[in-house]
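Trainee: Could you look at this predicted model? Sequence included:
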Amino acid sequence: MSEPGTAHLRDDTLLSVEHLVVEFPAGRGRKVHAVSDLSIDIRKGETLGLVGESGCGKSTTGRAIMQLPSPTSGSVSYDGTEVTKLSRADLRRLRPKMQMIFQDPISSLNPRRKVGDIVAEPLQIWGIGTPEERVAKVREVLDACGLDPDVAMGKYPHEFSGGQCQRICVARALVLDPAVIICDEPVSALDVSVQAQILNLLEEMKERYGLTLVFIAHDLAVVKNVSDRVAVMYLGKLCETGTPDDVYGSPAHPYTAALLASIPKPEVRSGSEESAPLSGELPSPIDPPSGCRFRTRCPYAQDICAQVEPEVRDVGNGHFVACHFPLVRRPNEPATATF
Amino acid sequence: MNQPSPTLQTSTSKTGLAALGLQPVPGAPLLELDDLRTYFEIGAGTVHAVDGVSLKVDRAMTLGVVGESGSGKTVLSRSAMGLLRSGNLRQSGQVRYQGHDLIAMADKTRRRLWGTEMAMVFQDPMTSLNPVMKIGRQITESLRYHLGMSKSEAREAALVGLKSVGIPAPEQRIDEYPHQLSGGMRQRVTIAVALACGPKLLFADEPTTALDVTVQAQILDLLDHQRRERNMGMILVTHDLGVVAGRADVVAVMYAGQVVEIAPTAELFGNVRMPYTEALLRAIPKLDEASHTKLNVISGRPPDLIKPPKGCRFAPRCPYAQSKCRNEPPPLVESSTPGHAYRCWFPVGSDQGSTQLPAPVVREPAPDPAPDGAPKIQPTPPPKAPERRITAVERSENAPENPNE
Ligand SMILES: Nc1ncnc2c1ncn2[C@@H]1O[C@H](COP(=O)(O)OP(=O)(O)O)[C@@H](O)[C@H]1O
Ligand SMILES: Nc1ncnc2c1ncn2[C@@H]1O[C@H](COP(=O)(O)OP(=O)(O)O)[C@@H](O)[C@H]1O
Ligand code: SF4
Ligand code: SF4
Ligand SMILES: [Mg+2]
Ligand SMILES: [Mg+2]
């Protein structure tokens, strides 16, 4: 059985994840194979969009990068440092460089503390700056996030809407001057109009503070909007990675194609009744299919797909796919399999 | 995967309206809401959750109801079915099912129509499924109660029902509990439960919001298929414009408890008149737009439903608002296209209305990031700061204006 490999990894990256494996005990000696031999990388200033349906291992990947918890095996290297091998003290020193933002902004803010204290807390924990400097920094990041510091600092989270709470979370993540922010479904709980505000805000902050972002989401259109590169995951594995234009414009992996075809678009559909491109259900990550994990639902699966795990390979211009029979697009035709 | 759905009524006893001795009023639509108002009295005042909604649904059609959270979609569908029960409820207007007013009906009478004439599928299957009851029994109970089936008849019918909603191995699944199924399979079961007694009207309140996109497509296909097979009317409630675009015949857009625009689906998306609908469509990231396209935001947030603005409810956020908008509530008026109505004094595309909102902007690529600094507080990076996109309206939302949230 072959391995996915790392053909798609690049030089000159800020964050590089290689052969990442995360397993959780599932009782009776079984294991949840949450992430299995995943390799991805990010250059400085890039936004990597991580997409896939729930349970495919996106959050686990994000947390493993943060060493929360550290992975079962594999390497995470940040700016040349192997993070998985760091001593606790060294890891602690690195922590401020990487921050996370989560889906549910309201529950990730302590309801009993004032917003000014919530945002200042990381500075206190790390013992950074004098009290005056802290206040100045808190005011700066709140202001950058579109909140009036004079009004916001003295209030409690419940006095703000969901969108404003997400702004507070972004401010709190920025206060330590991180290099990388891992955003785990940061707009999934928000209404469309608020979602647009937060996406614009993240783009602005990336520009202003020179951030590198890992943007995790299940909404493909949202991911396309913010990403410089996209990685599609299925059941703990990387399916495909490349620029948004390549991955969305000519998906090479049958799963990516099915995902894209499933999205309801705000334009009128022409009558045909059956439109679901994928049937069947996600297999259990406790006992994932052999070979290609997508094979139980793949319309193009062949015998080899059950026997040999597909290796990640280049289909041109830094567009990589893990599939024995990648799709190619002929002009004016939907993508079809090559054999 | 969708099997043809045989009719499940094997019993001869009367059900639904007929059991109440009522006949459908000739010529009446399947469901008609007439100036429906649903208010809640709370300590802080009266929540105008649904405020004067009139709608019609016929058999075989899907009415899509779309709007952001808090716009009143759930309260609307629950009040239409008569499911709301609370001491602080104040309702007025009419809900006519085949010509009979449900609001005027006694609770006990109305309940006879649930399941047999109208049914509901909720967002979270676990709210409608009983976690400690086997799946089969959740279907057979209502078959036995409403249709008077024997135990074995009901089990047979439940198997057929589970099969028709695409549950694989129904003989095995029928004796399982909800937690043994995936989210998508559970939603199929709730659909089987809702359809068991052959309703003519189905409310689906965000039926796919909790599901992944590939499963969502399957469930929407299933609902569509069942609606056609059974000639049902369907009210599909969602916050996702994409979902209604593909599935509804007519779409009603809700804002702050009111329908602000309604039209046949193609007309709505092709010829938007109401600025809120337009703004919503523009706020959604599109697959065919370049990465880093700046999204159009709708600044501010929906109004407090205890004290809605006295003029147009969208006026505080509307880029086209004028003084008339702030003072006089626009009525729902018919456009020149049949079936297309909107609430707006200065509709999109009219002379007085919008000229054009700004075209999409692609953001500049990120400049080279500043080198990593010492673990000291950095001053704000020098003004390569982007132009502010936070408007005055948005900033003022810091003021405590909405105690609701
Ligand atoms: N702490 C945990 N213990 C056991 N299983 C877990 C744990 N965290 C995640 N998993 C499982 O790992 C898989 C991947 O989960 P997750 O990374 O949360 O996916 P995603 O974020 O893509 O929805 C899922 O099957 C999930 O149930
Ligand atoms: N029982 C209730 N008491 C008071 N207010 C309520 C009640 N139910 C709903 N509301 C309010 O009515 C408005 C509409 O709610 P809802 O119909 O659930 O919106 P949607 O389904 O569009 O998200 C909201 O402001 C909500 O807070
Ligand atoms: S063709 Fe084979 S390798 Fe490719 S996605 Fe399908 S099952 Fe996997
Ligand atoms: S009535 Fe005025 S404020 Fe309301 S939507 Fe129309 S233009 Fe905007
Ligand atoms: Mg997750
Ligand atoms: Mg709702």
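Mentor: Okay, I see it. Ligands and ions are numbered 1, 2, ... in the order given.
Trainee: Doesn't A:D117 belong to a helix?
Mentor: Yes: using DSSP: H, G, I helix; E, B strand; the rest coil, the assignment for A:D117 is a helix.
Trainee: Now B:A321: closest residue in space that isn't a chain neighbour?
Mentor: In space, and not counting its chain neighbours, B:A321 is closest to B:A315: 4.4 Å by C-beta to C-beta, 6 or more residues apart in numbering or on different chains. The way it works is simple: take the backbone N, C-alpha and C, and place the C-beta from them, glycine included.
Trainee: can you check B:D240 too?
Mentor: Spatial nearest neighbour of B:D240, chain neighbours left out: A:P264 (6.5 Å); criterion: C-beta to C-beta, 6+ apart.
Trainee: Surely B:D101 is in contact with B:S92?
Mentor: No: shown here, B:D101 and B:S92 do not form a contact pair, counting by C-beta atoms under 8 Å, at 11.7 Å.
Trainee: how about the closest residue to A:P326 other than its chain neighbours, what does it touch?
Mentor: Nearest in space to A:P326, with sequence neighbours left out and distances taken as C-beta to C-beta, 6+ apart, is A:A252 at 4.1 Å. Applying C-beta atoms under 8 Å, 6 or more residues apart in numbering or on different chains to A:A252 gives the contacts A:E240, A:V315, A:H319, A:V321, A:C323, A:P326, A:L327, A:V328, A:A335.
Trainee: Let me see the ranges of the helices in chain A.
Mentor: Ranges of helices within chain A are A:58-65, A:88-94, A:115-125, A:131-144, A:149-152, A:162-174, A:192-209, A:220-226, A:244-249, A:254-262, A:303-307, based on DSSP state H.
Trainee: go on, the stretch 51-200 of chain B?
Mentor: B:73-81, B:107-111, B:125-128, B:135-147, B:151-164, B:170-173, B:183-195 (DSSP state H, counting those that start in this stretch).
Trainee: Lowest average pLDDT across these?
Mentor: Comparing mean pLDDT across those, the weakest is helix B:125-128, with a mean of 81.
Trainee: so where is chain B shaky, pLDDT-wise?
Mentor: Residues of chain B that meet the criterion pLDDT under 70 lie in B:1-13, B:351-405.
Trainee: To A:Y300, which of the helices of the stretch 51-200 of chain B lies closest?
Mentor: Nearest to A:Y300, of all the helices of the stretch 51-200 of chain B, is helix B:183-195, at 22.6 Å by C-beta to C-beta.
Trainee: What residues of that closest one count as buried?
Mentor: For helix B:183-195, a neighbour-count test (16 or more other C-beta atoms under 10 Å in any protein chain shown) marks B:183-195 as buried.
Trainee: do that helix and ligand 1 meet at all?
Mentor: No: no part of helix B:183-195 sits near ligand 1 under the criterion C-beta under 6 Å from any ligand atom; the closest distance found is 12.0 Å.
Trainee: and that helix, does that touch chain A?
Mentor: Yes: using C-beta under 8 Å from any C-beta of the partner chain, we find that helix B:183-195 touches chain A at B:G184, B:M185.
Trainee: list the helices and strands that helix packs on?
Mentor: Here helix B:183-195 touches strand B:118-121, helix B:125-128, helix B:135-147, helix B:151-164, helix B:213-230, going by 3 or more C-beta pairs under 8 Å, 6 or more residues apart in numbering or on different chains; DSSP states H and E.
Trainee: Who are the contact partners of the closest residue to B:I42 other than its chain neighbours?
Mentor: Distances taken as C-beta to C-beta, 6+ apart place B:N88 nearest to B:I42, at 6.5 Å, with adjacent residues excluded. Neighbouring residues of B:N88 by C-beta under 8 Å, 6+ apart: B:F40, B:E41, B:I42.
Trainee: Repeat that for B:L33.
Mentor: Applying C-beta under 8 Å, 6+ apart, we find B:L33 in contact with B:V53, B:S54, B:L55, B:K56, B:L76, B:A80, B:G93, B:Q94, B:V95, B:R96.
Trainee: Over to B:R85?
Mentor: The contact partners of B:R85, taken as C-beta under 8 Å, 6+ apart, are B:D107.
Trainee: Using CSV, list the CA coordinates for stretch A:201-213.
Mentor: This file holds the C-alpha atoms of stretch A:201-213, laid out as CSV (Å, rounded to 0.1, in the frame of the first residue of the first chain):
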residue,chain,number,x,y,z
LEU,A,201,-12.5,42.3,8.7
LEU,A,202,-10.2,39.2,8.6
GLU,A,203,-8.9,40.3,5.2
GLU,A,204,-8.2,43.8,6.5
MET,A,205,-6.4,42.5,9.6
LYS,A,206,-4.3,40.1,7.5
GLU,A,207,-3.2,43.0,5.4
ARG,A,208,-2.6,45.4,8.3
TYR,A,209,-0.8,43.0,10.6
GLY,A,210,0.9,40.9,8.0
LEU,A,211,-0.8,37.7,9.2
THR,A,212,-0.7,34.2,7.9
LEU,A,213,-4.1,32.5,8.2
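Trainee: mean confidence for that stretch?
Mentor: Stretch A:201-213 shows a mean pLDDT of 96.
Trainee: Are that stretch and chain B in contact anywhere?
Mentor: Yes: Stretch A:201-213 lies within reach of chain B by C-beta under 8 Å from any C-beta, at A:E203, A:E204, A:K206, A:E207, A:R208, A:Y209, A:G210, A:L211, A:T212.
Trainee: With neighbour count and distance to B:L295 added, can I get those in TSV?
Mentor: Shown next, in TSV, are the residues of stretch A:201-213 next to chain B (neighbours: other C-beta atoms under 10 Å in any protein chain shown; distance: C-beta to C-beta, whole Å):
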residue	neighbour count	distance to B:L295
A:E203	23	9
A:E204	22	12
A:K206	23	15
A:E207	21	15
A:R208	19	18
A:Y209	20	20
A:G210	20	22
A:L211	24	19
A:T212	26	21
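Trainee: Just grab the bridge partners of the residue nearest the centre of chain A for me.
Mentor: For chain A, the residue nearest the mean C-alpha position is A:I216 (2.6 Å; C-alpha atoms, centre = their mean). Beta bridges link A:I216 to A:L50, A:D184, judged by DSSP bridges.
Trainee: What residues does it make contact with?
Mentor: Contacts of A:I216 by C-beta under 8 Å, 6+ apart are A:G49, A:L50, A:V51, A:K58, A:S59, A:T61, A:G62, A:I182, A:C183, A:D184, A:E185.
Trainee: Quick one: closest of the helices and strands packed on helix B:183-195 to A:V141.
Mentor: helix B:213-230 (34.1 Å).
Trainee: number of nearby residues for B:P26?
Mentor: Neighbourhood size, B:P26 [other C-beta atoms under 10 Å in any protein chain shown]: 7.
Trainee: and it, how far is that from chain A?
Mentor: Distance, B:P26 to chain A, by C-beta to the nearest C-beta, to the nearest Å: 31 Å.
Trainee: How about B:G148?
Mentor: 34 Å.
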